[in-house]
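mind folding the following:
(4 chains)
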Number of protein chains: 2
Amino acid sequence: MPDRKRLTLKDIAKELGISVSTASRALNSYAGISDETIKLVKEFAEKHNYVPNTMAVNFRKNKTMTVGMIVPELVHYFFSSVISGAISTAKKHNYSILVSQTDEKLKNEVFAIRTMLSSSVDGLLISVSNETINGEYLQEILDEGRPVVQFDKVLDEMNTPKVIVDDFQGAYDGVRHLIQEGYSKIAHINGLQHVKNSQERLRGYQKALLDHGIEESESWVLHCQQISEDEGFAFAKELMTSENPPDAIFCITDLVAMGVMKYLKQAKIKIPKEVGVIGFSNWDMANFVSPSLSSIDQYAYQMGEKAMELLVEAIKNNEVGKNQIHEIIPRLVVRESSKRLS
Amino acid sequence: MPDRKRLTLKDIAKELGISVSTASRALNSYAGISDETIKLVKEFAEKHNYVPNTMAVNFRKNKTMTVGMIVPELVHYFFSSVISGAISTAKKHNYSILVSQTDEKLKNEVFAIRTMLSSSVDGLLISVSNETINGEYLQEILDEGRPVVQFDKVLDEMNTPKVIVDDFQGAYDGVRHLIQEGYSKIAHINGLQHVKNSQERLRGYQKALLDHGIEESESWVLHCQQISEDEGFAFAKELMTSENPPDAIFCITDLVAMGVMKYLKQAKIKIPKEVGVIGFSNWDMANFVSPSLSSIDQYAYQMGEKAMELLVEAIKNNEVGKNQIHEIIPRLVVRESSKRLS
DNA sequence: TTGAAAGCGGTACCAG
DNA sequence: CTGGTACCGCTTTCAA
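The predicted structure is shown next:
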């Protein structure tokens, strides 16, 4: 396949009998170039299908109009929605997005960041893995003078804009709803204790109980390691076969709630009559299961849009290390799994 | 934020009192450079954290080590799985992936292709939108001498490697399974008639009926426009309230099957006792609904891996326009929704 | 085994 | 308003 040599600025200049610089300026419509010349050059370029060599432009301007996006998992309703939102905003600003995933492994995250760096991205959107405890690797990219925006799972101590969901509020709303539906023995299947989202959701759960005069029982708070369906199943079994079984379970994610419901159904425990269930994230499947699952929607798509906006802005203003928090208020979506009344 | 100027080859050369070319060759371990020099340069580079300027390298070599990937929809179990597979293979070969989505709109697809082109991707992975009927826009990228690999939804007439699922076989296996379970009045909710996947699945459905001596009824084949849950619901209703309702429904995708099951449950029609249901794609939710949904697994992740492998190979060998078909044999996953026996 | 130098294709500064 | 030219950082050819 002989790569048909592409037309360059030099070719155009020679062909039209003008200088390369004039041609360049004409194509970019600089002030101080006669309309005539501009027209001449543009028409010629159009006619001959001139496409500027992006690599040359990137090289010269030291910009790629490309940003990196690193997520823990791609095959995931929440994250793919965030990416979708980010892509849509990126498109508006003429940015492209390099996507990478870490499978929640720090090792992969470090590799991904390095790769992004070497791909010369203009900036980075990242939701850190569960294994990530400090941001030393992330710091490298900031040190290069390239902006980073964190979203969803963030490292507090890193100075970057952050787009997060108000997990506390979401959890609070969910648990309050359970209480209002008449549940009073509410268990919570939480996540990894060092992860901030988990901590906040736990706080919301506790505060809701407190505010409604319900005493907390330590044995009703369990912590997942994998945040998996299997854990949901196992913990539900553990809870329901204990001395003092709960009458509602607030789950750290919808996936865990799926496991919980699977167990309850298998054990012939009626949802929501005997036990209420509520998830977090509002996955697509929440709608399809029966009973349909009440959940907390995190506005994933909007989160992606916002994160990308902040990144574009930071790139434009060459702002690195600005610590700014954009908090998204989640929305309780009530479905069948938590409706005891009515 | 003052961008700390990065170390360049020139700096290294000056510092070590050697020429830029020697430094370059040493770093790349050229033959004809003394081991001593190589060691000297590499150690210096290592110590001072030298990172080659990728944009300069790209520019010089006219390669970016980046490929584009265009899918109809990102928030989709199947496509995100394919992307995931592609990313994993890309990583092995040191490629990065630019991701874009078209929302099944030709307009967006054209834009995405143009953007990818201008981002100087080394190659392109694409699954075309439902609106795409011919490949003139795709041809542009081939004409530039850059390889394209199509996957899942492909344009037959384009000369590119293609990775597809044997839709015919998948449909055949699914319908045969229904027949073996004792269903005989099998309806099929198909997709858009001009899309190849739809045609093949329809063929498989028809052949299975034929092979088992079951007569086909035209009124039992319906065509979706959107391939949506709502359509599944509406068509199920149409079928079940008709003069001659079927006793099984083979759906073009799991999403449509979700709608079908929703209707059946609402109409108190027992699955799988009265009506069997089977989907296509084997989404994660197939496991979570009840009854769980039988489906045809397309090995999405492997499809992504394979497509990326073919692309890397094509890039390496500078092969553009090679027409090669890699067909993946899907796998029937039997769950509750189609098990009438036992 | 090494150095000098010519670009790659643009952009932008300085003169005129 | 336009042309000439230096240069971005690296690779590679040619000479030594």
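
tell me the buried residues in the helix or strand of chain A with the lowest mean pLDDT?
When the helices and strands of chain A are compared on mean pLDDT, DSSP states H and E, helix A:136-143 comes out lowest with a mean of 85. By neighbour count with 16 or more other C-beta atoms under 10 Å in any protein chain shown, helix A:136-143 contains the buried residues A:137-138, A:141-142. (Glycine included, C-beta is placed from N, CA and C.)

now render those residues as CSV, adding distance to B:Arg60.
CSV is the format used below for the buried residues of helix A:136-143 (distance: C-beta to C-beta, whole Å):
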residue, distance to B:Arg60
A:Tyr137, 28
A:Leu138, 30
A:Ile141, 24
A:Leu142, 28
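
and which of the residues you listed is nearest A:Tyr205?
For the buried residues of helix A:136-143, the minimum distance to A:Tyr205 (C-beta to C-beta) is 29.8 Å, reached by A:Leu138.

now do the contacts for that closest one.
Applying C-beta atoms under 8 Å, 6 or more residues apart in numbering or on different chains to A:Leu138 gives the contacts A:113, A:126, A:128, A:148, A:155, A:158, A:160.

compare those and tell me which has the most neighbours.
A:Ile126 (31 neighbours; other C-beta atoms under 10 Å in any protein chain shown).

so that one touches A:Val148, yeah?
Yes. Using C-beta atoms under 8 Å, A:Ile126 is in contact with A:Val148, at 6.4 Å.

nearest to DNA strand D, of the buried residues of helix A:136-143?
Of all those, DNA strand D sits closest to A:Ile141, with 17.7 Å by C-beta to the nearest atom of the strand.

can you list the residues of the stretch 201-342 of chain A near chain B?
Within the stretch 201-342 of chain A, the positions lying close to chain B (C-beta under 8 Å from any C-beta of the partner chain) are A:229, A:258, A:262, A:265, A:284-285, A:288-290, A:318-321.

what two of the residues you listed are the furthest from one another?
The span of those, defined through C-beta to C-beta, is set by A:Lys265 and A:Asn318 at 55.3 Å.

what about the two, which has more around it?
Just comparing A:Lys265 and A:Asn318: by other C-beta under 10 Å the higher neighbour count belongs to A:Lys265, 15 against 12.

possible to save the contacts of A:Leu138 as TSV with secondary structure and pLDDT?
Output for these, formatted as TSV (DSSP: H, G, I helix; E, B strand; the rest coil; pLDDT from 0 to 100):
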residue	secondary structure	pLDDT
A:Ile113	helix	93
A:Ile126	strand	97
A:Val128	coil	95
A:Val148	strand	96
A:Leu155	coil	94
A:Met158	coil	94
A:Thr160	coil	96
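
nearest to DNA strand D among the residues you listed?
Nearest to DNA strand D among those is A:Ile113, at 19.4 Å by C-beta to the nearest atom of the strand.

show the contacting residues for the residue nearest to the spatial centre of chain A.
Nearest residue to the geometric centre of chain A (C-alpha atoms, centre = their mean): A:Val82, 4.4 Å. Taking C-beta under 8 Å, 6+ apart, we find A:Val82 in contact with A:71, A:127, A:151-152, A:300-301, A:303-304, A:307.

try A:Ser118
B:51, B:54.

look up how far B:Thr64 lies from it.
11 Å (C-beta to C-beta, to the nearest Å).

what do you get for A:Leu264?
52 Å.

swap in A:Ile328?
As judged by C-beta to C-beta, A:Ile328 and B:Thr64 stand 34 Å apart.

likewise for A:Lys207?
Using C-beta to C-beta, one gets 50 Å for the distance from A:Lys207 to B:Thr64.

so between these two, which is more surrounded?
Neighbour totals were compared for A:Lys207 and B:Thr64, and B:Thr64 leads with 26 against 16 (other C-beta under 10 Å).

the more buried one reaches B:Ser120, doesn't it?
Yes. With contact defined as C-beta under 8 Å, B:Thr64 reaches B:Ser120; the gap is 5.1 Å.

which neighbours do these two have in common?
A:55, B:58.
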